[in-house]
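Trainee: one predicted model, sequence on top.
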Amino acid sequence: MTIAFDSLWNFNAITSAKKMERMKIGRTHRIAFEIPNIKRSAAQFLNAAALAVCVGVSALSFSQSTSMASHQTDAAPLASVVKPYIDRHELAGAVILAANRNRVIDREAIGYADIANQRIMQPDNVFWIASMSKAITASAVLMLVDEGKLSLDDPVEKYLSEFKGQKVAVIPEGVPASSGPEASAKESAPIQLEAAAHPITVREILSHTAGLSFSSKREPGALDLLPLKSAVESYAAEPLSSQPGQSYSYSNEGFNTAGRIVEVVSGMPFETFLQKRLFDPLGMKDTTFWPSSNQLNRVAKSYQSGASGEDLREVPVSQLTYPLDDRQHRFPIPAGGLFSSADDVARFCQMMANNGTFHGKRYLSEESVRLITTKETPSVIAKPYGFGWNIGDGYFEHSGAYKTDMKVDRKRGLVIVFLVQRSGDWSTEDRQRLMDSLEQAVISNFGDRISVH
């Protein structure tokens, strides 16, 4: 059985045979979750509604009888797109949110946040959003650009002297290079060094074209064990993997360096800058590097799947250290350390969709939003990347390591947020196909609530 709560006006119960009974219970979130192989009587059905209240859904009084509701047969539209992935044991559960420029259109949750403890996924569950953090870091940098405190074409060494005199690693002809995101020329032997054609710039570190590697040799497997200052110093101590501006190489080092520049220019820790300038004003109350005890209770477990149909296996986030609320031994990762919720991510995306404003307050200039969301990689580089965002035809988006994603449709002003905690291989094509399907489901079911301008 699937149970769904509509964020606007309905309560849905959909049997495994796809039959549904809908009850009107006032304004509440929509939740969809699987209860396999159970047939419920009318009394049990009402108990399910009571159970939903217990797991955190605010349900008001019923205003429509079961007999009147039984004629409805449609499922929660966004959850139904994700359901096949859960049926195939590729995902444990997810939260999906759709918003226009000004308000949330729909939010749905499906599956489990914790399979072992049968903890149902809730719309306010918290997720490690990983590299989606890069878009937030880029916005922090551009806020300082707007204030005239730095320029995109400034050399990084202007703010971080350790980057002066950088060299580039050159692999002699005939020597194969390493491959993969963690690999770099600096890990291939033998190598030769040559002078960088120019000092790397702020513009280049924000577009993955500086020649910085994914991570340094000094960084352990977990990426949150070095203070930001120490981590960035380790990047400067190693040669670049390519000449600045000549190639695209996805780089955590670059965005961590950008975060360190924010610290130096603003005179405050990176996490403090984000809290004061973005999270608090935007109302992003669940976005943090260190989940609180309350947030930890809402953090969705991460899972890995094998072949199709195999049971999901719970796994820790390998890039992070535990406990997650340890502020003494865990440090901010501007490139990918943030936790957040669907509503928080949506608020940030709405600000971007509104050309830098949210609820009447300006955070970024229109010019900065244009720069952030325009292809910055040179014409000789095929990869369309801006500053912290992948750039597509009429949209910009960014995903995270555990398959989270956020997308802003420029033309419609439509925001799609997909949060999940899925470790291991899952092809980019599958993720993009899912995001496209979710967008089409939003347009089909809520098209009248999307403002086009």
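Mentor: Now that the structure is in, tell me what you want to look at.

Trainee: every contact and neighbour count from this point should use C-alpha atoms.
Mentor: Noted.

Trainee: tell me which helix or strand comes right after the biggest strand by length in the chain.
Mentor: In terms of residue count, the longest strand belonging to the chain (DSSP state E) is strand 104-114. Note on strand 104-114: by DSSP states H and E, the next helix or strand toward the C-terminus is strand 119-120.

Trainee: in its sheet, what does the next helix or strand after that following strand sit against?
Mentor: Per DSSP H and E, the first helix or strand lying C-terminal to strand 119-120 is strand 127-128. Its sheet considered, strand 127-128 pairs with strand 339-340 (antiparallel) by DSSP bridges.

Trainee: and the strand it pairs with, how far out from the chain's middle?
Mentor: Centroid separation between strand 339-340 and its chain, computed with CA atoms, centre = their mean, to the nearest Å, is 8 Å.

Trainee: what average pLDDT does the next helix or strand after it get?
Mentor: Helices and strands here follow DSSP H and E; after strand 339-340, the next one along the chain is helix 342-353. On average, the pLDDT along helix 342-353 is 98.

Trainee: where does the stretch 151-300 of the chain have low pLDDT?
Mentor: Low-confidence segments of the stretch 151-300 of the chain, defined by pLDDT under 70, span residues 172-190.

Trainee: and the strands in it, which stretches?
Mentor: Counting by DSSP state E, counting those that start in this stretch, the stretch 151-300 of the chain has strands at residues 167-170, 192-195.

Trainee: among these, which is nearest Ser293?
Mentor: Checking the strands of the stretch 151-300 of the chain against Ser293 by CA to CA gives strand 167-170 as the closest, at 44.9 Å.

Trainee: tell me what the closest one is packed against?
Mentor: Applying 3 or more CA pairs under 8 Å, 6 or more residues apart in numbering; DSSP states H and E, one finds that strand 167-170 contacts strand 192-195.

Trainee: only C-alpha atoms, please: export the strand it packs on in CSV.
Mentor: What follows is strand 192-195, C-alpha atoms only, in CSV (Å, rounded to 0.1, in the frame of the first residue of the first chain):
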residue,chain,number,x,y,z
GLN,A,192,58.3,17.6,-15.0
LEU,A,193,57.5,21.1,-13.8
GLU,A,194,57.0,24.3,-15.8
ALA,A,195,55.9,27.8,-14.8
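
Trainee: buried set for stretch 442-453?
Mentor: Residues of stretch 442-453 classed as buried by neighbour count (16 or more other CA atoms under 10 Å): 442-443, 449-450.

Trainee: how much space between Thr377 and Ser247?
Mentor: In this structure, Thr377 and Ser247 are 8 Å apart, going by CA to CA, to the nearest Å.

Trainee: higher neighbour count, the two?
Mentor: Taking neighbours as other CA atoms under 10 Å, Thr377 and Ser247 compare with Thr377 leading, 23 against 19.

Trainee: what residues are up against that one?
Mentor: Contact partners of Thr377, counting by CA atoms under 8 Å, 6 or more residues apart in numbering, are 207, 209, 248, 383-386.
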